[in-house]
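A.B. asks: Pasted the sequence and its predicted model underneath.
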Amino acid sequence: MVHVDVVIVGAGAAGLSAALRATELGLETVVFEAASRPGGRAYTRYEPFGFAWDAGCHWLHSASENLLREAADREGFSYTKTRGPGYTWFDGALLSPEAEVNVDNDVEAAYRAMFAAGRAGQDVPASTVVKLAGAAEATFRWAINAEWGADPSAVSTLDASRYRDLEENWPVIDGYGALVLQLAQSVLPLVQLSTPVTRIKEVLGGYQVTTTQGEIEADAVIITASTSALAAGLIDFDPVLPAWKLEALHAVPLGYANKIALQLREDALADIPEHSVGVPVGGGDMINLRFRPYGRNLVDGYVGGPLCSEVELAGEAAMVSLGTEAMTTILGSQARDAIIATAVSRWQSERYIRGGYGAALPGLADKRADLGRPVGERLFFAGEATSPEYFSTCHGAWLTGASAAEQAASVVGIAAR
């Protein structure tokens, strides 16, 4: 049976970062990826629009201290520090400038209340410490849906307060997913695609890893699969994972977040500057539409939380319809006929991902720390959800992958340098 130093499960940002660091440290490494492409939720598409469109991560969060922003500079990937203004549509019209300021102030106050509760040690639903109404309530709910992929009633104040946010969110014009693959270029030959790992069995001195293509032995294993995929039991562990690990996986499920993009004829958006609008879509939910990002003939929608899950399960046509109805609310019904191409992400439907990013349930925020905790001496875990302060981000995933590789190196006798 083939034997390597380390097997990495998953070729998303965490897995690719782990592979890079492991090979830098001299570890013989193989990466198994269940999907037919590398990158995971870092996924830049070029079709059908003819330019880079990120179906997954797109924003360099906390950009000034984000190591992937530094990498974008080195690799020549363009990003922008500014974006067009944002507006809110409510009760059949755009809010007045004065009303918009009031909404912004109310939402900021709600965030402060949520973070204050968390810093005080309260691990309660965000919805219980916030009192809003009207446009402010809808805007806050959309923001939480977008940032955690969950309704405020399912977001822990303690977990939210632990996220490190410099409020520097810079979108990668050339594609965040493309940047990740560029950085991982040297290790992509180590990735075996369309090769799900089905079983991980502990053996003397390491693990036996079974995939759909065969078996391999390794001194150490790094698992970067999502919490929801692992909680669903897609990998059989022998012995079974300890109760504390299983509890952590169920305590931090992936929330739901998707994009709905509509490409319009150039003339349909020719006189419209870049801006975004929050548009109510019923039931207190909103979708946010970015009009003409980077000067492109595109309307890029973002939806999260329970509505996102519901519309994704209804199918791609339902998602496009949701985005189209919201767009025509702003541009008028004639814009419907100007659509020339559409694209959506459907992360919940990806069998080996099952959602957007991990959000700790109220009362269970401390379980997040157990996600990245090794099982025994040779089974390691990485991924965005395991990051203690950069969870839900690509750079958080990247950092945890490199850290897991260094931990693996220590147990196979090669000191990290």
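C.D. replies: Cool, the structure landed.
A.B. asks: Could you chop the protein up by domain?
C.D. replies: Listed by automatic domain parsing, the domain ranges of the chain are 3-39+184-253+355-411, 83-167+255-349.
A.B. asks: between the ones you listed, which one is nearest to residue 76?
C.D. replies: Closest approach to residue 76 among the domains of the chain is made by domain 3-39+184-253+355-411 (13.9 Å; C-beta to C-beta). C-beta coordinates here come from the backbone N, C-alpha and C atoms, glycine included.
A.B. asks: how much distance is there from that closest one to the middle of the chain?
C.D. replies: 16 Å (C-alpha atoms, centre = their mean, to the nearest Å).
A.B. asks: State the mean pLDDT of that domain.
C.D. replies: Averaging pLDDT along domain 3-39+184-253+355-411 gives 98.
A.B. asks: That domain: end-to-end distance?
C.D. replies: 15 Å (C-alpha to C-alpha, to the nearest Å).
A.B. asks: circling back to that earlier point, tell me which of the domains of the chain is the most buried.
C.D. replies: With neighbours defined by mean count of other C-beta atoms under 10 Å, none of the domains of the chain is more surrounded on average than domain 3-39+184-253+355-411, at a mean of 21.
A.B. asks: still on that earlier bit, so can I have CSV of the domains of the chain showing distance to residue 67?
C.D. replies: Shown next, in CSV, are these (distance: least, C-beta to C-beta, whole Å):
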stretch, distance to residue 67
domain 3-39+184-253+355-411, 6
domain 83-167+255-349, 13
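A.B. asks: Give me the three-state assignment for residue 170.
C.D. replies: Here residue 170 is recorded as strand under DSSP: H, G, I helix; E, B strand; the rest coil.
A.B. asks: Nearest to residue 56, out of the domains of the chain?
C.D. replies: It's domain 83-167+255-349; of those, that one is closest to residue 56 (C-beta to C-beta) at 6.6 Å.
A.B. asks: Off-centre distance for the closest one?
C.D. replies: Using C-alpha atoms, centre = their mean, the offset of domain 83-167+255-349 from its chain centre is 16 Å.
A.B. asks: and the end-to-end length of it?
C.D. replies: Start and end residues of domain 83-167+255-349 are separated by 31 Å (C-alpha to C-alpha).
A.B. asks: what's the closest of the domains of the chain to residue 54?
C.D. replies: Closest among those, once you apply C-beta to C-beta, is domain 83-167+255-349, at 7.8 Å.
A.B. asks: Quick check: closest non-adjacent residue to residue 22.
C.D. replies: Nearest non-adjacent residue to residue 22, counting by C-beta to C-beta, 6 or more residues apart in numbering: residue 405, 4.2 Å away.
A.B. asks: And the helix or strand that neighbour falls within, what does it pack against?
C.D. replies: With secondary structure defined by DSSP states H and E, residue 405 is part of helix 394-411. Other helices and strands packing on helix 394-411, by 3 or more C-beta pairs under 8 Å, 6 or more residues apart in numbering; DSSP states H and E, are strand 3-9, helix 13-24, helix 67-75, helix 176-183, strand 214-223, strand 379-381.
A.B. asks: can you list the residues that contact the longest helix along the chain?
C.D. replies: The helix that spans the most residues within the chain, counting by DSSP state H, is helix 97-119. With C-beta atoms under 8 Å, 6 or more residues apart in numbering as the test, helix 97-119 has contacts from 87-88, 95, 124, 126, 129-130, 132, 135-136, 139-140, 143, 156-162, 365.
A.B. asks: One more pass at 6 Å, please.
C.D. replies: 126, 129-130, 132, 135-136, 139-140, 157-158, 160-161 (C-beta atoms under 6 Å, 6 or more residues apart in numbering).
A.B. asks: Nearest to residue 31 among those?
C.D. replies: Of the contacts of helix 97-119, the one sitting nearest to residue 31 (C-beta to C-beta) turns out to be residue 160, at 32.5 Å.
A.B. asks: That closest one belongs to a helix, doesn't it?
C.D. replies: Yes: looking at residue 160 with three-state DSSP, it is inside a helix.
A.B. asks: can you pull the contacts of it?
C.D. replies: 114, 118.
A.B. asks: again, but for residue 272
C.D. replies: 291-292.
A.B. asks: do that again at 10 Å, thanks
C.D. replies: Residue 272 makes contact with 84, 264, 291-292, 297, 299, 330-331, according to C-beta atoms under 10 Å, 6 or more residues apart in numbering.
A.B. asks: Distance to residue 211 and pLDDT for those - can I get that in JSON lines?
C.D. replies: Converted to JSON lines, the contacts of residue 272 look like this (distance: C-beta to C-beta, whole Å; pLDDT from 0 to 100):
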{"residue": "84", "distance to residue 211": "46", "pLDDT": "85"}
{"residue": "264", "distance to residue 211": "44", "pLDDT": "98"}
{"residue": "291", "distance to residue 211": "45", "pLDDT": "97"}
{"residue": "292", "distance to residue 211": "45", "pLDDT": "97"}
{"residue": "297", "distance to residue 211": "43", "pLDDT": "97"}
{"residue": "299", "distance to residue 211": "41", "pLDDT": "98"}
{"residue": "330", "distance to residue 211": "48", "pLDDT": "97"}
{"residue": "331", "distance to residue 211": "49", "pLDDT": "96"}
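A.B. asks: Can you lay out those residues as CSV showing distance to residue 65 and secondary structure?
C.D. replies: Output for these, formatted as CSV (distance: C-beta to C-beta, whole Å; DSSP: H, G, I helix; E, B strand; the rest coil):
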residue, distance to residue 65, secondary structure
84, 25, coil
264, 37, strand
291, 30, strand
292, 30, coil
297, 34, coil
299, 32, strand
330, 35, helix
331, 38, helix
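A.B. asks: Spatially, which two of those are the most separated?
C.D. replies: The distance between the two most remote of the contacts of residue 272 (C-beta to C-beta) is 16.4 Å, for 84 and 264.
A.B. asks: Quick check: which of the domains of the chain is nearest to residue 75?
C.D. replies: Once those are compared by C-beta to C-beta, domain 3-39+184-253+355-411 is nearest, at 10.0 Å.
A.B. asks: if we can go back for a sec, compare the domains of the chain and give me the one nearest residue 176.
C.D. replies: Nearest to residue 176, of the domains of the chain and by C-beta to C-beta, is domain 3-39+184-253+355-411 at 6.2 Å.
A.B. asks: related to what we said a few turns ago, switch the helices and strands packed on helix 394-411 over to JSON lines; also include distance to residue 259.
C.D. replies: Formatted as JSON lines, these follow (distance: least, C-beta to C-beta, whole Å):
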{"stretch": "strand 3-9", "distance to residue 259": "26"}
{"stretch": "helix 13-24", "distance to residue 259": "18"}
{"stretch": "helix 67-75", "distance to residue 259": "20"}
{"stretch": "helix 176-183", "distance to residue 259": "12"}
{"stretch": "strand 214-223", "distance to residue 259": "27"}
{"stretch": "strand 379-381", "distance to residue 259": "28"}
